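S.K.: 3D, please:
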Amino acid sequence: MRIKKYRIDCGNVNEPDDGFTTDKDKKCKIDWSYLLDQLPDLIWRSRWDDLAAKYGLPFKRSYMQNLDSEGKGPEKKYLKERVGYPRAQLIEWLNSL
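M.R.: Down below sits the predicted model:
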């Protein structure tokens, strides 16, 4: 079984360069707001892996399920036992990581 690795591009991060930190010390914070126009209004957790591959979303569906069970995931909605994440709340949650 191969583990899929996600690339994180920090090109959209505006960090001041104070000259005292190394690249190793800098933490990358991604602004996921660019996905507001691209993602559907409701992101179904059952399709998470497909959307992750297409849009570069982090994590796997199984990890999102674990976060939900621990109460640490984004706000969710239920429709006939299916879990969906509203787009705006999902982006807000991703930006808070």
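S.K.: correct me, but residue 51 touches residue 58?
M.R.: No. With contacts counted by CB atoms under 8 Å, residue 51 stays clear of residue 58, the gap being 11.2 Å. Heads up, the C-betas are built off the backbone N, CA and C, glycines and all.
S.K.: more neighbours, these two?
M.R.: residue 51 (18 against 13; other CB atoms under 10 Å).
S.K.: doesn't the more buried one fall inside a strand?
M.R.: No. Applying DSSP: H, G, I helix; E, B strand; the rest coil, one finds residue 51 to be helix, outside a strand.
S.K.: what pLDDT does it get?
M.R.: Listed pLDDT for residue 51 reads 93.
S.K.: contacting residues for it?
M.R.: 39, 43, 57 (CB atoms under 8 Å, 6 or more residues apart in numbering).
S.K.: Spatially nearest residue to the first one (excluding sequence neighbours)?
M.R.: Of all residues beyond its chain neighbours, the one nearest residue 39 is residue 87 (5.1 Å), with distances taken as CB to CB, 6 or more residues apart in numbering.
S.K.: Neighbours of that neighbour, how many?
M.R.: With other CB under 10 Å as criterion, residue 87 counts 17.
S.K.: Am I right that it is in contact with residue 37?
M.R.: No. Using CB under 8 Å, residue 87 is not in contact with residue 37, being 9.8 Å away.
S.K.: returning to that earlier point: closest one to residue 74 out of the contacts of residue 51, please.
M.R.: Nearest to residue 74 among the contacts of residue 51 is residue 43, at 9.0 Å by CB to CB.
S.K.: The closest one: which element?
M.R.: strand 42-44 (DSSP states H and E).
S.K.: That's all I had, so thanks and see you.
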